[in-house]
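S.K.: got a sequence here, can you build the structure:
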Amino acid sequence: MAALVWVMVGLALWHFTVFLPDNFYGGIVGAFCGALLGSFLFGLIVNLGTIPGESGTDLWTGVEAIPGTLIGLGIMWWLGVRKMAAEAPRVAAA
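M.R.: Numbers count the residues shown, from 1 in each chain. Sure, this is the predicted structure:
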C-alpha cells in the first residue's frame, strides 16, 4: 500500500512541472519517469528496502516520497540541461 502512496505523491508533484521550462531529459515524459522512480526508490530507502502494508501506511508515508520526487526531477533536469549544452552550436572565436 505504501508503494501506491509513494507513486501517487510523485505523480501529484509531477503535475507542477508544466510551470517549468522544458529542460528535462526526455521532456515531460522524462520528468514523469524521474518523479515516479525517485519517489518509489526514496520510499524504499527510507523504509530500509521494505514496503509497508496497509496497517503501516499513514500520513508520513506520503511525506516520505516528497524528497525522492524532487531528487528524481532534479536529476532529470540536470541531465536535460547537460544534453542541451552538449548539443548547443559552438561559436568559433574570431
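S.K.: pull out the buried residues from the longest helix along the chain.
M.R.: In the chain, assigned by DSSP state H, the helix with the most residues is helix 59-87. Neighbour counts over helix 59-87 (16 or more other C-beta atoms under 10 Å) mark 61-62, 64-66, 68-73, 75-77, 79-80 as buried. (Each C-beta comes from the backbone N, C-alpha and C, glycine too.)
S.K.: okay, now the unreliable bits of this structure?
M.R.: 94 (pLDDT under 70).
S.K.: which residues touch the residue nearest in space to the middle of the chain?
M.R.: For the chain, the residue nearest the mean C-alpha position is Ala35 (2.3 Å; C-alpha atoms, centre = their mean). Contact analysis of Ala35 by C-beta atoms under 8 Å, 6 or more residues apart in numbering lists Gly10, Leu11, Leu13, Trp14, Thr17, Thr69, Gly72, Leu73.
S.K.: can you give me the neighbour number for Pro52?
M.R.: By the criterion of other C-beta atoms under 10 Å, Pro52 has 16 neighbours.
S.K.: just to revisit the earlier point, which strands and helices lie in contact with the longest helix of the chain?
M.R.: With contacts defined as 3 or more C-beta pairs under 8 Å, 6 or more residues apart in numbering; DSSP states H and E, the packing partners of helix 59-87 are helix 2-14, helix 27-46.
S.K.: next, the angle helix 27-46 makes with the shortest one.
M.R.: Helix 2-14 and helix 27-46 are oriented at 140 degrees to each other (axes from the mean of the first three to the mean of the last three C-alpha atoms, to 10 degrees).
S.K.: buried stuff in helix 2-14?
M.R.: Buried-residue list, helix 2-14, by 16+ other C-beta under 10 Å: Ala2, Ala3, Val5, Trp6, Val7, Val9, Gly10, Leu13, Trp14.
S.K.: how near is the third one to Ala12?
M.R.: Think Val5. Val5 is 10 Å from Ala12, where distance means C-beta to C-beta, to the nearest Å.
S.K.: kindly report the same for the second one.
M.R.: When distance is defined by C-beta to C-beta, Ala3 is 15 Å away from Ala12.
S.K.: one more: the first one?
M.R.: The span separating Ala2 from Ala12 equals 15 Å under the rule C-beta to C-beta.
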